[in-house]
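# fold the stuff below for me.
(2 chains)
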Amino acid sequence: MQGGSSGIGYGLKYQARCISDVKADTDYTSFLTGTLSLKEENEVHLLRLSSGGSELICEGLFSHPNEIWDLASCPFDQRIFSTVFSTGESFGAAIWQIPELYGQLNSPQLERVASLDAHVGKINCVLWWPSGRCDKLISMDEQNIFLWSLACSNKSAEVLSKDSAGMLHSLSGGAWDPHDVNAVAATGESSVQFWDLRTMKKVNSIERAHVRGVDYNPKREHILITAEDESGIHVWDLRKAKAPVQELPGHTHWTWAVKCNPEYDGLILSAGTDSAVNLWYAAASSTNEKTPESLWVQHVSV
Amino acid sequence: MATEAAPMDEKAKRMRDLLSSFYTPDPSISTPTSSISTSFDNINGPSFDADQYMDLMIKKSNLDVLLQRHVQMAAEIKNLDTDLQMLVYENYNKFISATDTIKRMKSNIFGMEGNMDQLLHKIMSVQSRSDGVNTSLFEKREHIEKLHRTRNLLRKVQFIYDLPARLQKCIKSEAYGDAVRFYTGAMPILKVYGDTSFKDCRRASEEAIETIIKNLQTKLFSDSESIQARAEAAVLLKQLDVPVDSLKDKLLEKLEQSLDGLQINPEEASKLAEHNVSSKDEESNNQGPAKIHEDAVRGFSEAMRAYREIFPDSEERLFKLARSLTATHFENMELYIRKRVSAADFLGIFRIIWEDVVLMDEVLPEAALSDLSAEAAQVTLKQFVARTFSHLQQDISETLLKFDINQKEVVDGEVLKVVLEASGKAVLQGTTDIFQEFRQLLDENTGIFVKMNDLLIGWIQKGFQDFFRSLESHFLVLSGKTSSSNETEGLVEGKSSEKIHAGLILVLAQLSVVIEQKVIPRIAEEITASFSGGNSQEFIPGELCRVFHAASEKLLQHYIDTRTQKISNVLRKRFKTPNWVKHKEPREVHMYVDMLLQQLEEVGKEVKQILPQGTFRKHKRSDSNGSNTTTSSRSTTLHSDKMARSNSQRARSQLFETHLAKLFKQKVEIFTKVEFTQESVVTTTVKLCLKSLQEYVRLQTFNRSGFQQIQLDIQFLKAPLKETVEDEAAIDFLLDEVIVAASERCLDVTPLEPPILDKLIQAKLAKSKEHNNNNNNNNKTTVSS
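All right, here's what the predicted structure looks like:
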């Protein structure tokens, strides 16, 4: 099923690797995205879907000092977001605040709220707790996971605790359980690992090679979705994590990212390196063993 | 004449009337007609009045008439007189003869009285004499009668006295029947006089009888005796009032024990079946175990028949026995078919059991053995069908796994091809064989089978359907493509999936194609040919073909996935390990390229063994072979020219240029549908690998040297990849993409000078050639040694 060219587009000057919806913006559907350009000046764009839903409007354009590898919007304050950036040689992560706009669009500077500067290696991502106000943050590099306490008011972030996954695991990303503020999943070289943030200890793992993306089902507890390089998308029930509950074919090449629909259970959106975005419907009940179907495929020309 | 006849008649009539009135006392009765016609002028009537008649005549008639009348009357009177005279005379004659007769009689009777007196006298004397004799012999006769009675009594007494000896004799000659008859005959006497006169005698005979009972019991329980003899013994014992119930129990227990001997041992069953078959061939040699078994069962049923007659109340028990024997028969049969059994053997055993059942059924028709066994037979047959299929599946998977698919062998030898051929044959041959076996079952006309024919056809069809379905899922399991529905299965596979060799997956994929295209149509054909008109809704070849078609595609995709996964791992290591930002100047083509090519070569070799060639591959390859080197070198120079040019320009404009170039370049379809040809699979694999390579590159940041290293590696890959792949345009495109991606992620894009590039590549080629030579030499030496 190939969707027509009904999508609405928005052109960026350079390539971008990340996009985040601004959850805290309850009035509009907004997105934040950041460019990935090694040599040019990188930008963060704040986009808003026009009221008719027919257009993406640039609400703000901010210059960002380095190329952006990861960007996440704060779920409770629409003006705050985090980025992971690279200078080419080293990585950094920071929390930013969008300055008050007074009508002008001429690349105002972002205010740096705090920098998460405890990392040494390649930083992968910064996670906010998805379901509401929480003054904690998680950041991951390839070997370590940090729990930060963020104080926006006095512009500081402190490391609360950290744990090392070990040299071999080489973390690549993660997700914070919306049902449990103390549970975090991280994808690694050969497994998906789970931390309990209270003890900062690894509690569980799913042995699965080359997981690229992971997302908790916000509607149903214990349900996790993973995207893998070669073998597509899997749905897991964490209470019986030996074998996946469901299997979706995924993409022709790697499946890079998966997201659950926050409103409708069973709708899964995936993106792959075959330049396609697939929308899946995975029926919730396991008794109804219907083969999951791909509802919609949109090929993105790059 | 007529007028004359009438008075003549009248005259005769009158005569007769007159005569009859003479003989009969009452004339009024005898002549009713005349009395009716009484009138004056009727001269014959009784009321005739002559005077009145005279007066009337005189008054009425004239003289002539009177005269005429007178004459007439005178004649009549004359006639009457003569008649009367004749009558008188006749009567007188009769009277005289009667008187004579009376006279004679009188004279005869006269002498008789004296004779009679004489006779009476004689009889009287005879009687008195016989009385005399009687009285004189009476005493003697009485005596004789008495003597006779005494003699009878004596004989009886003698018999009783002789009884012990006679019984002993009977014991000796084993004529127990007679003995029992004698004893029961003597019983009443012994009962009455046993305590007095015949005490000794009774004791002795009782002793004898005891031994007889003992003997009979031993006989009853001895296995060597014929069943008939034992049954007889049982009858005798019953006559002797030995408690029968305990006997019966014992006997039935015995019978139960004998059941063990009748069971068809699963271990011996095959022997039995064999002999059964062979004895069919050569009737002379029928002392086989089958015959023995048959005899045994016959004996058993005879015994049952006998017992049934002896103990009519034991029927229930016998039923139970017969049922249990049938049940154990079928149980053993189930055990037996747990092993691999041919249909012929199965039938052999089945026939034996059926014969047994028939034998027993004759004896005990009420036990409903045939119903019971029909049910059991259905179950067994169904199991047999199911087992045969599972054996076949096992065979196939064994054939598949028999060969140790070891990395080296696969690449060098033709192991995969052998496996594919063997397993393909196993499937085709196996299914055909199995079908033949089932044909045998269907052709069998033992009573029970005929009834089950329809069922059997259904089972066979369903069996094939299920078999192919499970074979398909089995293939998926073998290939390690986990079916997520089964958790435990998933676990096992998860563990072993690392070990599953990619070649096996490819074999399975091709095998699925073989099944789809050859095996299923063939079975469908056979089924429609054999069960023409039958209900064929159980076996749906179309659906199975679809299933296997899907499976083959899935497996092929899985093969490519596993292969690319391996290569992906090589690439991952390559790109994760070094620090690309601090890369040193490239000195040679990196060795991961060798690994990549080696993997691809393996894929090529595996594919060549299994899959057919594409249609248009050959000519293209042959004509491109000659010019291939020149074109590739040309493109190299072109590319490096471009690079050299761009070298002088600013990086930004170069980026812009590549973007522009991309826009105008024809969009190359990277992800095409995989076909079942060597080229398609190899091409798809290469494409996926290059795509992965590109993605890995995009994740890194390079310094100048790092970029140059990538450039060098890609440049080197170009020639060998194009040689192996049919879609050169796509490869070119993808390789360019890698370079573009690298340049985008490079801090300082400065391509290598073409001469240096060439030099390094040549060095690599020389080195790999040398390496190959060495390898070959090594191989040669190993072969020669």
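# which residue sits closest to A:Gln246, ignoring its sequence neighbours?
Leaving aside its chain neighbours, A:Gln246 sits nearest to A:Val235 (3.9 Å; criterion: CB to CB, 6 or more residues apart in numbering or on different chains). Heads up, the C-betas are built off the backbone N, CA and C, glycines and all.
# so what's the one you found up against?
A:Ile223, A:Leu224, A:Ile225, A:Pro244, A:Val245, A:Gln246, A:Glu247, A:Leu248, A:Ala282 (CB atoms under 8 Å, 6 or more residues apart in numbering or on different chains).
# per-residue confidence at it?
We have a pLDDT of 88 for A:Val235.
# direction included, what does the helix or strand where it lies pair against?
Assigned by DSSP states H and E, A:Val235 belongs to strand A:232-237. Applying DSSP bridges to the sheet, strand A:232-237 is found paired with strand A:223-228 (antiparallel), strand A:246-248 (antiparallel).
# mean pLDDT lowest for which of these?
Looking at those, the bottom one is strand A:246-248 with a mean of 83.
# quick check: angle from the next helix or strand after that strand to strand A:223-228?
Downstream of strand A:246-248, the next assigned helix or strand under DSSP H and E is strand A:255-260. Put simply, strand A:255-260 runs at 160 degrees to strand A:223-228, going by axes from the mean of the first three to the mean of the last three CA atoms, to 10 degrees.
# how far off centre is whatever helix or strand comes next after strand A:255-260?
Where DSSP H and E defines the elements, the next helix or strand beyond strand A:255-260 is strand A:267-272. Distance of strand A:267-272 from the chain centroid (CA atoms, centre = their mean, to the nearest Å) equals 13 Å.
# partner strands of strand A:267-272, with direction?
If you go by DSSP bridges, strand A:267-272 pairs up with strand A:255-260 (antiparallel), strand A:276-281 (antiparallel).
# and the contacts of stretch B:193-203?
Identification of contacts with stretch B:193-203 by CB under 8 Å, 6+ apart yields B:Ile160, B:Tyr161, B:Leu163, B:Pro164, B:Ile189, B:Leu190.
# which residues touch the fourth one?
It stands for B:Pro164. By CB under 8 Å, 6+ apart, B:Pro164 lies in contact with B:Cys201, B:Ala204, B:Ser205, B:Glu207, B:Ala208.
# if you rank those residues by neighbours, which is first?
Using other CB atoms under 10 Å in any protein chain shown as the neighbour test, the contacts of B:Pro164 are led by B:Ser205, with 28 neighbours.
# can you flag which of the contacts of B:Pro164 belong to helices?
B:Cys201, B:Ala204, B:Ser205, B:Glu207, B:Ala208 (DSSP state H).
# okay, those residues in TSV with pLDDT next?
TSV is the format used below for these (pLDDT from 0 to 100):
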residue	pLDDT
B:Cys201	75
B:Ala204	77
B:Ser205	76
B:Glu207	80
B:Ala208	78
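# the stretch 201-350 of chain B: helices as residue ranges?
Assigned by DSSP state H, counting those that start in this stretch, the stretch 201-350 of chain B shows helices spanning B:227-239, B:244-262, B:266-281, B:289-310, B:315-338, B:343-363.
# mean pLDDT lowest for which of the ones you listed?
When the helices of the stretch 201-350 of chain B are ranked by mean pLDDT, helix B:266-281 comes last with a mean of 50.
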